[in-house]
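Visitor: Give the three-dimensional model of this entry:
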Amino acid sequence: MGKDGSSCGCTIGLIIAVLVLRICWSIGKEWDINPVIIFISAFVVLVILLYLVGMVIEHFDSKRNQKYNEIQTKYPKAFAKYLAENGQSDPTKAPITFRNSVVKRQEIIWENEELALVKEEESRKRKEEEDKQTRLNNELKLIECQFPNGTRLLKERFPLYNVEYLVRNKALISNLEDEYKVEQERKREEEEKKKKENRIRLAPGAPKVLLSKVQSWERLYGSFHYTWLFYYYPTTCDFEPPYQDRENRRTVWNFKNDPERNIIPAIHERAIDLVIPQIKQKLNDTFGVEYLQFLTLVCLPASTKVKNIARYDEFSVRLCEETGMANGYIHTYVVKDGMSKKHPENHTGHSIQPVIEFDKSFFKGKLVLLFDDVVTKGETMLKYKSDMEKMGATVIGGICIGKTKHERPIQQRFVNLDEDIPLF
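Guide: Reported below is the predicted structural model:
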């Protein structure tokens, strides 16, 4: 209370004291008792009553404060919200009216509010955690795209990693990526050095070795060695070949990829996927992996530039990458398309061969392996053998996918590596 309140209290107390004294004086006169004794007795009684009243008030205040503190402890979130709503900042300095309102509120209200606030906070924390995890995952994806090998190495070194740890250690991942690149470059240089040394060691005897390796292949007109993957039975045969031979024939068509057949790219890809492993295996078995690096693959050009690209562009690159052979396809050019004798613009009565040009400087001194999709009489292969030799190349042999045959098959020489997956 302020100074005015204190003055007012003192005045009231003084008036009460005067009234009590006056009453005691009247009683003393009437009963013939000393008024001072009566006053002192009344004062003692009054003090005792005030003490008892104070004890009762203190008891109820203690109970109220105990309940107030209990609610504050038991429902901290709901209490804090109620405190703020009532314009209070310090619960220890809150007025009695506020404390009474806190105690009078039903327990169920406090409990429901507390549960609601707890769920709300849990939901908020969960959302924050999810947002944080999403942000970390996005950052990690960027780091993995930027430093794929560094990320992999850090994961291997610290198996108990988490996303946050990886994101936090982006600098370390970057360093590991640089170290990996340096190590890979060192290994590549060592491999190149070994390959170079191996090539220098094998190069002098390579022509003789390669020529000796093809002696087990079939001979074409007694001098040229060639081989194939399976027999090719054209539709002009007077019998229906077995299922596997029909599938082999379809593989050849899909590999040829002639535009008039409208073969979709996926089917041509499947044919390449089927053929390359078998050619690679046959070459490895014949020459050995270390000698394939001395060979240059020359695909016998198709009749037109469009057909040549559709047939050999992807095939030659993939086969050479997987075997180590040099690619002669990119040094062979169809400068003028050929025509079949049935072509409406061909009035000569016979087929017109395409005009082919070669990069003669490239083929000079090369050890050439000829490739064709199908060999029938072998005249085209012998022609290109002659062309290669005129440019100073040594033709080791020829390989093709199919060899034309019109007689009924006695045995199958080809096993479909992808038999469970249809070609169409």
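
Visitor: what ranges do the helices span in the stretch 101-250 of the chain?
Guide: 107-146, 148-157, 163-168, 170-202, 206-213, 243-256 (DSSP state H, counting those that start in this stretch).

Visitor: And the second one, what does it pack against?
Guide: Counting contacts by 3 or more CB pairs under 8 Å, 6 or more residues apart in numbering; DSSP states H and E, the secondary-structure elements packed against helix 148-157 are helix 107-146, helix 163-168, helix 170-202. (C-beta placed from N, C-alpha, C; glycine too.)

Visitor: average pLDDT for the first one?
Guide: Rounded to a whole number, the mean pLDDT of helix 107-146 is 93.

Visitor: got the angle between that helix and helix 148-157?
Guide: In terms of direction (axes from the mean of the first three to the mean of the last three CA atoms, to 10 degrees), helix 107-146 departs from helix 148-157 by 120 degrees.

Visitor: Sort out which residues of helix 107-146 are buried, please.
Guide: Neighbour counts using 16 or more other CB atoms under 10 Å place Trp110, Glu113, Glu114, Leu117, Leu136, Glu139, Leu140, Ile143, Glu144 of helix 107-146 among the buried residues.

Visitor: Now do the contacts for the fifth one.
Guide: Spelled out, that is Leu136. By CB atoms under 8 Å, 6 or more residues apart in numbering, Leu136 lies in contact with Val163, Glu164, Val167.

Visitor: Taking those residues, please make a PyMOL selection of just the buried ones.
Guide: Buried subset of those, written as a PyMOL selection, criterion 16+ other CB under 10 Å:
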select buried, resi 167
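
Visitor: quick revisit: of the buried residues of helix 107-146, which is the nearest to His59?
Guide: The shortest approach to His59 among these belongs to Trp110, at 23.7 Å (CB to CB).

Visitor: can you pull the buried residues of the helix or strand harbouring Arg270?
Guide: Element membership for Arg270, per DSSP states H and E: helix 265-287. Across helix 265-287, burial judged by 16+ other CB under 10 Å covers 267-268, 270-272, 274-276, 278-280, 283, 286-287.

Visitor: before we move on, what about stretch 283-299?
Guide: For stretch 283-299, a neighbour-count test (16+ other CB under 10 Å) marks 283, 286-287, 290-299 as buried.

Visitor: can you tell me the helix or strand for the nearest residue to Trp228 once chain neighbours are set aside?
Guide: Take Trp228 and drop its neighbours on the chain: the residue closest to it by CB to CB, 6 or more residues apart in numbering is Lys403, 4.2 Å away. Taking DSSP H and E as the criterion, Lys403 maps to strand 394-404.

Visitor: So which elements touch that strand?
Guide: Counting by 3+ CB pairs under 8 Å, 6+ apart, strand 394-404 packs on helix 206-213, strand 224-232, helix 243-256, helix 265-287, strand 367-375, helix 379-390.

Visitor: Quick check: neighbours of it in the sheet, parallel or antiparallel?
Guide: strand 224-232 (parallel), strand 367-375 (parallel) (DSSP bridges).

Visitor: Centre of the chain to the last one, how far?
Guide: What it means is strand 367-375. On the basis of CA atoms, centre = their mean, to the nearest Å, strand 367-375 sits 41 Å off its chain's mean C-alpha point.

Visitor: Need the contact partners of it.
Guide: With CB under 8 Å, 6+ apart, strand 367-375 has contacts from 206-207, 210, 226, 228, 232, 252, 255-256, 283, 294-300, 311, 325, 328, 380-381, 384-385, 388, 393-404.

Visitor: Roughly how far does the residue lying closest to Leu166 once chain neighbours are set aside sit from Phe287?
Guide: Excluding the flanking residues, the one nearest Leu166 by CB to CB, 6+ apart is Leu140, at 5.6 Å. The gap separating Leu140 from Phe287 is 47 Å, by CB to CB, to the nearest Å.

Visitor: same question, Arg188
Guide: 25 Å.

Visitor: Mind listing what's buried along stretch 247-265?
Guide: Glu247, Asn248, Arg249, Thr251, Val252, Trp253, Asn254, Phe255, Lys256, Asn257, Asp258, Ile263.

Visitor: Tell me if I am right that the last one is in a helix.
Guide: No - assessed by DSSP: H, G, I helix; E, B strand; the rest coil, Ile263 does not belong to a helix; its assignment is coil.

Visitor: So for it, what pLDDT did the model give?
Guide: At Ile263, the pLDDT value in this model is 91.

Visitor: So it versus Ala271, what's the distance?
Guide: Taking CB to CB, one finds Ile263 at 9 Å from Ala271.

Visitor: what's the overlap in contacts for the two?
Guide: Common neighbours of Ile263 and Ala271 (CB under 8 Å, 6+ apart) are Asn254, Asn257.

Visitor: Thr92: neighbouring residues, count only.
Guide: A count of nearby residues for Thr92, using other CB atoms under 10 Å, gives 6.

Visitor: For the spatially most central residue of the chain, list the residues it contacts.
Guide: For the chain, Lys141 is the residue whose C-alpha lies nearest the centre (CA atoms, centre = their mean; 7.4 Å). Lys141 makes no contacts at all, as judged by CB under 8 Å, 6+ apart.

Visitor: Then Phe224?
Guide: Phe224 is in contact with Gly378, Met381, Leu382, Lys385, Val395, Gly397, Gly398, counting by CB under 8 Å, 6+ apart.

Visitor: try Ile71
Guide: Counting by CB under 8 Å, 6+ apart, the residues that Ile71 touches are Phe79, Val102, Val103, Arg105, Trp110.

Visitor: how does it look with 10 Å?
Guide: The contact partners of Ile71, by CB atoms under 10 Å, 6 or more residues apart in numbering, come to Ala78, Phe79, Tyr82, Arg99, Val102, Val103, Arg105, Glu107, Trp110, Glu114.
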